[in-house]
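**Q** Structure for the following, please:
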Amino acid sequence: MHDLKAVSTLFDLRGDFVHGYSYGSGHINDTYCIWVDQAGQRIRYILQRVNHNVFKQPIPLMENVKRVTDHALKRLKEEQCPEAYRRTLTLVPSVDGKPYALDSDGNCWRVYPFIERAYDQIETTRQCQEAARAFGEFQKLTADLPGEPLFETIPNFHNTTSRLAALKEAIQSDPLGRVKEVQKEIDWYLSRESDCHLVVDYLKSGELPLRCTHNDTKLNNVMLDDVTGEGICVIDLDTTMPGSAIYDFGDMIRTATSPAAEDEKDVSKVTMRMFMFEALVQGYLSSAKSFLTPLEKSLLPFSGKLLTMECGIRFLTDYLSGDVYFKIHRPEHNLDRCRTQMALVESIEAQMDEMKAIVDRY
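**A** Numbers count the residues shown, from 1 in each chain. Just a heads-up that it's a prediction; the model follows:
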């Protein structure tokens, strides 16, 4: 537990620290909810320590967040949104006016106002639709972000060509002699090599635009109104950087459409549920179709296959390398994860025609 009272004094909170506690289900940053007394009124804030082991350059990351949230707020105000400050994250400045503060140990901290009357659990297709709409709205708000491209907080994060090259390197070096055990899985991924290059090549040629994208579009990264169920605000902006809309929508498909856990051993339980896909399409295109190009729209069904393959490649690479990146709880944990991604890709491939028809319909 960090000294939350001491950290809170680094920010312009205009009040007295009361107490704080660990908050949320995130696995990367240290997140706390703190209560501050402002002239007799108790106000909540989210206080976070950026994990500099994952995000090596937290200050450029925070400059990204500042640019994106300021621009989104400006756009919402221009649209005369009555809840502008509730529909985008806003940073509380430090006492010296920066969007972050460094403590005596060099840790990078930030503060956001607490978004009241909201939660992050997705349980119904309507909530799924609303979360997808919110991600589309986030891309729409940031589509005209001025200035230089955002800082790349994790280089080549969704570069599937680079991910495939890392897999080939792990196969070649084979540090633990595991290649012979997983030749079937290796052959499966290498047989789909051309798919890995498609979006990367389109971005290089300029046929796909480089956009400001979230890059971690799990549906619980959208806060939902606890009364209406409406998608209110996109959170967890640490991986917001230049990318493709295809990456964001594809990761929604990967994380939202299968009923099975990511590490399910029984891959017969893994399937791409069409009703969940349709909810994603309906929600996302309701806010994003006005700015997406025809090529981006045509690639939406394929995006789920691409991002699921990418994740599977990463799991297989880590297994061959000795499980050095993803946390494991059993010897073949990463291999189980790799196989669920394979099963989901095959389910997507089998339903691709119907997925294309749904996108056309909306």
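**Q** Give me the phi and psi for residue 62.
**A** Here the main-chain torsion angles of residue 62 (degrees, to the nearest 10) amount to phi -70, psi -30.
**Q** Give me the nearest residue to it, chain neighbours excluded.
**A** Distances taken as CB to CB, 6 or more residues apart in numbering put residue 100 closest to residue 62, at 4.2 Å, once the chain neighbours are dropped. C-beta coordinates here come from the backbone N, C-alpha and C atoms, glycine included.
**Q** in the stretch 201-350 of the chain, which spans are helices?
**A** With DSSP state H, counting those that start in this stretch, the ranges of helices along the stretch 201-350 of the chain come out as 245-256, 274-288, 294-298, 300-321, 333-350.
**Q** and of these, who's closest to residue 7?
**A** In terms of CB to CB, the element of the helices of the stretch 201-350 of the chain nearest to residue 7 is helix 245-256, at 31.9 Å.
**Q** Past the worst-scoring helix or strand of the chain on mean pLDDT, which element shows up next along the chain?
**A** The weakest-scoring helix or strand in the chain, judged by mean pLDDT, DSSP states H and E, is strand 118-119 (a mean of 72). On the C-terminal side of strand 118-119, the closest following helix or strand by DSSP states H and E is helix 125-142.
**Q** before we move on, the earlier item: could I get the helices of the stretch 201-350 of the chain as JSON lines with mean pLDDT, distance to residue 143 and mean neighbour count?
**A** Output for the helices of the stretch 201-350 of the chain, formatted as JSON lines (pLDDT from 0 to 100; distance: least, CB to CB, whole Å; neighbours: other CB atoms under 10 Å):
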{"stretch": "helix 245-256", "mean pLDDT": "96", "distance to residue 143": "9", "mean neighbour count": "26"}
{"stretch": "helix 274-288", "mean pLDDT": "97", "distance to residue 143": "9", "mean neighbour count": "21"}
{"stretch": "helix 294-298", "mean pLDDT": "98", "distance to residue 143": "12", "mean neighbour count": "14"}
{"stretch": "helix 300-321", "mean pLDDT": "97", "distance to residue 143": "17", "mean neighbour count": "24"}
{"stretch": "helix 333-350", "mean pLDDT": "97", "distance to residue 143": "27", "mean neighbour count": "22"}
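**Q** which residue sits closest to the residue most central in space within the chain in space, ignoring its chain neighbours?
**A** With distances taken as CA atoms, centre = their mean, residue 216 lies nearest the centre of the chain, 0.9 Å away. Distances taken as CB to CB, 6+ apart put residue 239 closest to residue 216, at 4.7 Å, once the chain neighbours are dropped.
**Q** Likewise for residue 221?
**A** Leaving aside its sequence neighbours, residue 221 sits nearest to residue 236 (CB to CB, 6+ apart; 4.6 Å).
**Q** residues near the one you found, how many?
**A** Burial of residue 236 is recorded as 22 neighbouring residues (other CB atoms under 10 Å).
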